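J.: Turn this into a model:
(chains A, B and C)
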Amino acid sequence: MRLEPKPAPSLAVTLLYPVGAIIVTFLIASLLVLAAGASPFSVFYLVAKGAAGSQFALLETLTRATPLIFTGLAVAVAFRAKLWNIGAEAQLYIGGVVTVVLGTGALPLPSYLLIPIIMIAAMAAGALLLLGPAILKTRFGVDEVVTTLLLNFIVLLFVSMLLEGVLKDPTGLGWPQSSKVIAEAQLPRIIQGKRLHYGFVIAIVSAVICWVIMKKTVLGYEMRAVGNNKEAANFAGIPVNRVLIKTAILSGGIAALAGFSEVSGLKGNLTLDLSPGYGYSGIVVAMLAMLNPLGVIASAIFVAGIFVGADAMSRTAGVPSYIAQVMVATALLTMVTAILLTRYRVRWK
Amino acid sequence: MAASIGVEQGAPAQADIVLRLDGITKRFGPLVANNAISFTLRRGEVIALLGENGAGKTTLMNILFGHYVADEGTVEAFGKPLPPGDPRAALDAGIGMVHQHFTLAENMTVLENIALGTQSPWSLRLDRAAARRRIEKLSADFGLTVHPDATVATLSVGERQRVEILKALYRDARILILDEPTAVLTPAETDALFRTLKLLVAQGLSIIFISHKLNEVMAVSDCVLVLRSGTLAGERTTATTNRAELAALMVGQEVSSPPVSAPRTGPVVFELKNVSTARQGTTTRLDGLSLALRAGEITGLAGVSGNGQSALASLISGTLQPASGEMVIGGSAAGNWSPRAALASGIGRIPEDRHAVGTIGDMSITENVISERYATPRFSRHGFLDWKAARAFAEEIIRDYDVKAPSPEARIRLLSGGNMQKLILGRALDSEPAVILANQPTRGLDVGAVAFVHRRLLEARDRGAAILLISEDLEEILALSDRILVMSKGQLSSPSKRGERSIRELGELMAGHGEVNDAA
Amino acid sequence: MEQALEILFTASFWVAAIRIASPLIFATMGELICERAGVLNLGIEGIMTAGAFAGWFTVYSGGDLWTGVAVAALAGAMFGLLHATLTVPLGLSQHVVGIGVTLLATSLTYFTYRLALPQVTTPPKIEPFQPLPIPGLSKIPVLGEALFTQTPLTYLAFVTVAVVAWMLYRTPIGLAVRAAGENPSAVEAQGISVTGLRMGAVMVGSALMAVGGAFLTMSAFNSFFFEMINGRGWICIALVVFGSWRPGKALLGAILFAAFDAYQIRLQQISGGVVPYQVFLMMPYALSILALILVARRATYPKALMIPYQKGER
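T.: The predicted structure is shown next:
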């Protein structure tokens, strides 16, 4: 068996491959549903209904998609330059930490000043967190996959330490949680009385900015060149290491916004369950979007829909909600295979 | 087909045939790499497979050896058909192959490399003693001296080739295929290789010798097959042919060197003064090297690969920094050295490896042609790229350099080697650089593309560029260079003017014999 | 402070260290085999999770302990097959596929757990492997106690190291594995299929990772709970680099690491809460990063690691 490069298919055909990947994913999930003794059709119907069957469901899906857009973008820009940032989870938590450090009353400023300041500080902290592995990679050749993965564990313990120590809510009845952020540090809700908040809008704007960076700017060009062929990029005079460092700053900063948005827009305070693995799911979101920043919006909503829908479904159909995670992981693997097939032809001899 | 070639006498012709290829055709997309090729090989015979780079020699041998599967045609070894696409079957049938790029694991010893795959994979113990005895006997019999316990990483290129030949003999190969075996050898090592081949033939082995060098083909073979763009262009008995005839068959017409006018040599525009580089892995480093390039002149750098050419090329390209010494470009000393600095000081570069270094395969032609200059005002402002200008530039190069490409948006990976090289040439030459580094600029190209590259380099010379041409192909060096230097063990010979030294004298220098001049 | 030093001379400390090292030894050997053949297997974390569950669940459902180990190995090999299919013949990014396999193996395990035990709140227990003192040897003070009063699965871990080392350096197939990670064309030129070899290596390696996971549920503890692998897989990847891809050195690294881990647990007990316990818990991860930095400069990676191979390509 061998792979031969083939000309890029038309846009319509290119879009067919991801659809095929999703179909295969659903077929595989059907087997699990059958194993659970339920009917795939009714289960997927319940998932779809739970994700988009009502205004409440739809808003809940968009709310859940918000952090996924941020982490998906963080992964998408990093992977473009082949900087394997698997540490979005840690960067998210650091963003959350900065938000409660600055947002619980330390800075008595009006909203229009406080929120931008918190955002910038959170991004700086996230960027700094990824800068370490990036420098270890460029300077010493230490694989960033392992370092960012290990940092996820370290940062989570660090957050746990803060929540039982300096950031502990004195009125929290001993629970490891921070105080609530002040009203000025809160992102307003888009619709009164619903959970969807302006973090979603910031996420969309971030995606557009990332798209512009990747398509239109020198930095985006450099990132793509470095990601595609480091040696050729270096030969052409592209400062490879500097580009990787810039990529790390961008990626870490965006991931930290996920933590900011969750604390400031949704939860109000920092807890150890701020993220049910949004950092890892971001990898799937990015790959499903074929690393396209605008595609990230769609794929984040899709992935969020599966999570939200599966939660609703498991309450009624009795199929464990972990089916959502299985589907998301399967989608990742089928998707990378599909992307390969858009570029290469498999010959069996 | 080879009925007219009588090497062995007496025995019936059929019984002597050890290998028969019949109608082998192989296509890669639109490219026909091999077109209905048939020939036979007899016991004790040396067939030379002659052809330009890209004529399809290596593809044919890869089919024979089972790396590729032919689209049409059959291979028969010792009277039995050879199953396609199965290297194991080829090995078992007694076919051994010495690849152009050695297939050795550097982290293992000679013995381990030779024994690899020769003992049952399910055996719980590797029988080293038996392997050692056999290797030592073969080494002694055929003059292939090499220590069985040496780690391959520590061996010289010549020694590695001996290991490759031992690998084949160890498996009782009766047919030995050598793919461009002399490309990496010094003339003395080449002579030793030829002596070994004579011993092997005397033992009844048959040899296919792949080469694009006429003199070697004449020296070593009984019969010559000439391949040209994938088809068998001719078949000659070595004893009754001559170099001119073979050369004509190879390129399809009488070979004529490109017309070269007398150079209008200008001042020195690029100079290395006593430059040394740091050691990088196993590549030869430069140690106190001096070199001056003059405007309007092509300086040819001949030499066996691995003698410091890659360090010199990296240095001039900017990917390697000098550890000591001085680099003077256009009269001023170079400061912080990098690829970008090299470009800024007016050096145009054609890298040796166009796939790994010269282009970014999954990016478009447009994105590739601007890669050296995207940060200039022509293509970007305030951090934003001007895609319109970039596309126009790509179209300009496609037109001016006669590139066959579907559109400027096509991924460069999809282009043929020749078209890729034309784009690289366009990218490097378009800004009319004062200094041009051309490192193996025609390797693997078809005849037309080679002529195109040569013509463009000569044009650049005539407009006043100083050109350093690095090539392993001595004939290319002789055809283009106004001045020739030979590199050996990281050192440069004294320069010679066009026609001043014979091929033989250059060969001596390539082998590291003869004087060394620091102030080349 | 004296207390802190005394710990090092107690047998119970070393018994714990060897116990902590055992799952790491299995998984590190598994990863080492994969990487020696040229494939980085980031599925390790998920494969360990799957192995932990598969072994435990087999015993919980009435199988005997060794059947549990075999089932765990088989589950690991299956995920290895998935990883290898995508990364070897298809040549997909080993980073992305590895993460995908980890996510898939983990979520599939949790799904199966919930499906099999829908109602439980506290995970059910099994009768795990019991310590099996080796007569005579276990009587040697400290060292003997540490090494020879362990469970059979720990002894198996040490045997595995010896087998892997012998396999890599003393058998024909080991030669081929090492060559495949260095220069796959050398393997193909000698008539061996690189694809087959690499896929086999990834499957065997993944089986070992799964046994490493199973050690946790069947020897160290006696039940399965979520997130019990807790980064051990990633640590093993660091250990392979730290051990320069050599089984002996990797074993040493695993024991050193485990000793440190056992030590920090004890330090935590005697520190009396002055230092937050999280700081101690961070140490294994921080230590892994430190180890990577220390060896990075002189690490000689298998040259073909992470580089996909296509037949006929040079």
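
J.: ok, B:S211 to A:R345 distance?
T.: 34 Å (CB to CB, to the nearest Å). C-betas here are computed from N, CA, C, even on glycine.

J.: When these two are compared, which one has more neighbours?
T.: Legend: neighbour count by other CB atoms under 10 Å in any protein chain shown for B:S211 and A:R345, higher for B:S211 (22 against 12).

J.: Roughly how far does that one sit from chain A?
T.: B:S211 sits 28 Å away from chain A, going by CB to the nearest CB, to the nearest Å.

J.: now swap in B:E352 and tell me
T.: For B:E352, the distance to chain A (CB to the nearest CB) stands at 10 Å.

J.: OK, contacts around the nearest residue to that residue once chain neighbours are set aside?
T.: The shortest distance from B:E352 to any non-neighbouring residue, by CB to CB, 6 or more residues apart in numbering or on different chains, is to B:N439 (4.3 Å). Contacts for B:N439 (CB atoms under 8 Å, 6 or more residues apart in numbering or on different chains) come out as B:309, B:313, B:349-352, B:470.

J.: which parts of the helix or strand containing A:L73 are buried?
T.: Using DSSP states H and E, A:L73 sits in helix A:55-80. Under the neighbour-count criterion of 16 or more other CB atoms under 10 Å in any protein chain shown, helix A:55-80 has A:57-80 buried.

J.: restrict these to those near chain C?
T.: Within the set of these, contact with chain C (CB under 8 Å from any CB of the partner chain) is found for A:F79.

J.: follow-up on the earlier one: out of the contacts of B:N439, the closest to chain A would be?
T.: Nearest to chain A out of the contacts of B:N439 is B:P351 (CB to the nearest CB; 6.0 Å).

J.: Tell me, how many residues neighbour the closest one?
T.: Around B:P351 there are 25 residues (other CB under 10 Å).

J.: And for B:P259?
T.: 7.

J.: what does chain A put close to chain B?
T.: Counting by CB under 8 Å from any CB, chain A sits next to chain B at A:4-5, A:7-8, A:216-219, A:221-222, A:224-225, A:228-229, A:231-239, A:343, A:349.

J.: ok, how many other residues are close to B:V69?
T.: Counted with other CB under 10 Å, residues neighbouring B:V69 total 18.

J.: Tell me how many other residues surround residue 27.
T.: Defaulting to chain A. Close neighbours of A:L27, defined as other CB under 10 Å, add up to 12.

J.: Correction: the question concerned chain C.
T.: By other CB under 10 Å, 36 other residues sit near C:A27.

J.: check contacts around it.
T.: By CB under 8 Å, 6+ apart, the contact list for C:A27 reads C:44, C:48, C:208-209, C:212-213, C:232-233, C:236.

J.: before we move on, the earlier item: of the contacts of B:N439, which belong to helices?
T.: The helices, defined by DSSP state H, take in B:309, B:313 from the contacts of B:N439.

J.: Pick the one among the contacts of B:N439 closest to A:F44.
T.: A:F44 lies nearest to B:P351 out of the contacts of B:N439, by CB to CB, at 53.1 Å.

J.: wait, doesn't that closest one sit right on B:G358?
T.: Yes - using CB atoms under 8 Å, B:P351 makes contact with B:G358 at a distance of 4.6 Å.

J.: Find the residues that touch each one of these two.
T.: Listed as contacting both B:P351 and B:G358 by CB under 8 Å, 6+ apart are A:235, B:424.

J.: before we move on, the earlier item: of the contacts of C:A27, which is the most crowded?
T.: With neighbours defined as other CB under 10 Å, the most crowded of the contacts of C:A27 is C:M209; it has 39 neighbours.

J.: Just the buried positions in the helix or strand containing it, please.
T.: Applying DSSP H and E as the criterion places C:M209 in helix C:194-215. For helix C:194-215, the neighbour count (16+ other CB under 10 Å) marks C:194-195, C:197-215 as buried.

J.: check those residues against chain A, which are close?
T.: C:T195.

J.: So what's the residue count around C:F224?
T.: When neighbours are counted by other CB under 10 Å, C:F224 registers 26.

J.: how about it, secondary structure?
T.: Using DSSP: H, G, I helix; E, B strand; the rest coil, the secondary structure recorded for C:F224 is coil.

J.: Which residue comes closest to residue 48 once chain neighbours are left out?
T.: Assuming you mean chain A. What sits nearest to A:A48 in space, not counting adjacent residues and going by CB to CB, 6+ apart, is A:G309, at 6.1 Å.

J.: nope, chain C please
T.: Take C:M48 and drop its neighbours on the chain: the residue closest to it by CB to CB, 6+ apart is C:G213, 3.4 Å away.
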